[in-house]
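Peer 1: Need a 3D model of the sequence below.
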Amino acid sequence: MAFKNVGTYNLDKAVSGSAGTANAGAFTMDAAGIASGQAFLTAELEKRDTLVRTPLTSFTYARDIPIRVGGGWAEFVSAMQVGYGITGGSGDNLMHSGGANGIPMVQADFSKGQYKTHMVAAGTRVMWVDLQRGNMTGRNMDSLLRDGLRLTYDKHMDENTYVGFSRFGTTGLLNNPDVTVTNAASNGATTSSTKFKDKTPDQILKDINEAILLAWNASENDNAAIPNHIIMPYEQFNYLATTKVTDLAEKTILTFLLENNVAKQNGSDLVIAATKWCKGAGDAGVDRMVVYRNEERFLAMDELVPLTRAMTSSNTNDFCFDTAYAGNLSEVEMFYDQTMLYVDGI
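Peer 2: So this is what the prediction gives:
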């Protein structure tokens, strides 16, 4: 076998025997070269980042409302409530004597509330060819699409929790028409302001405590109904979390509030958290703070059927696999609206 010397004068490229003297030996890294499949060497030399970067987003609904799972494909969620009464009231009318010929009788008034549910449905489509290519690249197209579907579902749950859907006639934690709306107090300065950033820590604490007390008083000061949850926009929350009480103090305003609020003094641990939905949620587009009792007895949302993979079928016309997902959700169920309060203008 004769050895063919490729030469030493031009070592940047070598023409194979099968290519002869054709242009296949010329490497041109331009659009035409890439399109013709001559980029394979670059692919071999690149460092591959295996992380697939998903969209930047957030959802906080699971933190701010109890979610009950189960119930099936029901069209409504019902809740029973009862009110009690007695002839003449529960004061001195209950006093009794030996010669009395009758006693007042307790009566019960039962009623049922109904809350809407709605079905959600979405699908994914994976081309058969993409499935085969995924075996070579190590990318599971079906898994990537499921992640996108779950993200979409969580965004839907977030909106359902905080504001509901006007198209469906539902509301959420931030816009229930039965909840009392108040305005934050002024700071009393020459240029008055109701915003947290323009107030002293004591004035902010007063706003928090007054909101808690208003909701608690509306519940006849039932210890089980002391508000234990506050949500507000990120701007206000981060200001409280990063600003010290004084220049010489080590504690932030947020720590000061959590340690000295009236709920804590009455045996209830207060949670102060942030969500994007509070920004501009108040009347006339001002920022809103929501104070409420975060407990299943007082409010909840039913995930009657969590997002479920309902069916998958092959589609020979479009050469793909189609998968349908479905779920069943309720609107926000407010059982005691007096345990919640809106504070606007913070």
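
Peer 1: what about the residue lying closest to Glu303 once chain neighbours are set aside, how many neighbours?
Peer 2: Spatial nearest neighbour of Glu303, chain neighbours left out: Val69 (5.0 Å); criterion: Cβ to Cβ, 6 or more residues apart in numbering. The C-beta positions use only the backbone N, C-alpha and C, and glycine is treated the same way. By the criterion of other Cβ atoms under 10 Å, Val69 has 9 neighbours.

Peer 1: And Ala324, by the same measure?
Peer 2: The burial count for Ala324: 14, using other Cβ under 10 Å.

Peer 1: Kindly confirm my reading that it is in a strand.
Peer 2: Yes. Counting by DSSP: H, G, I helix; E, B strand; the rest coil, Ala324 is located in a strand.

Peer 1: quick one: contacts for it?
Peer 2: 121-123, 309-312 (Cβ atoms under 8 Å, 6 or more residues apart in numbering).

Peer 1: how about 10 Å then?
Peer 2: If you count contacts by Cβ atoms under 10 Å, 6 or more residues apart in numbering, Ala324 has them with 121-124, 308-313.

Peer 1: can you map out the helices along this protein?
Peer 2: Assigned by DSSP state H, the chain shows helices spanning 31-35, 40-45, 61-64, 128-137, 141-162, 201-218, 234-242, 253-260, 262-265.

Peer 1: Gln236: which of the contacts of Ala324 is nearest?
Peer 2: Ala122 (34.6 Å; Cβ to Cβ).

Peer 1: pLDDT weak spots in the stretch 151-300 of the chain?
Peer 2: For the stretch 151-300 of the chain, no stretch has pLDDT under 70.

Peer 1: what number of residues lie near Gln236?
Peer 2: 20.

Peer 1: quick one on the thing from earlier: so which of the contacts of Ala324 wins on neighbours?
Peer 2: Neighbour-wise, the contacts of Ala324 (other Cβ under 10 Å) top out at Thr124, 19 neighbours.

Peer 1: Roughly how far does the nearest residue to that one once chain neighbours are set aside sit from Asp322?
Peer 2: Excluding the flanking residues, the one nearest Thr124 by Cβ to Cβ, 6+ apart is Leu145, at 4.1 Å. Distance check for Leu145 against Asp322: by Cβ to Cβ, to the nearest Å, it reads 11 Å.

Peer 1: Pull up the overlap in contacts between these two.
Peer 2: Contacts common to Leu145 and Asp322, judged by Cβ under 10 Å, 6+ apart, are 123-126.

Peer 1: will you turn the residues you listed into a markdown table that also has distance to Arg63?
Peer 2: Below are the shared contacts of Leu145 and Asp322 laid out as a markdown table (distance: Cβ to Cβ, whole Å):
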| residue | distance to Arg63 |
| --- | --- |
| Gly123 | 29 |
| Thr124 | 28 |
| Arg125 | 33 |
| Val126 | 33 |
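
Peer 1: Out of the residues you listed, list just those in strands.
Peer 2: Using DSSP state E, 123-126 are the members of the shared contacts of Leu145 and Asp322 that sit in strands.

Peer 1: Closest to Asn176 out of the residues you listed?
Peer 2: Gly123 (32.8 Å).

Peer 1: The closest one contacts Gly148, doesn't it?
Peer 2: No. In this structure, Gly123 is not within contact of Gly148 by Cβ atoms under 10 Å, at 11.5 Å.
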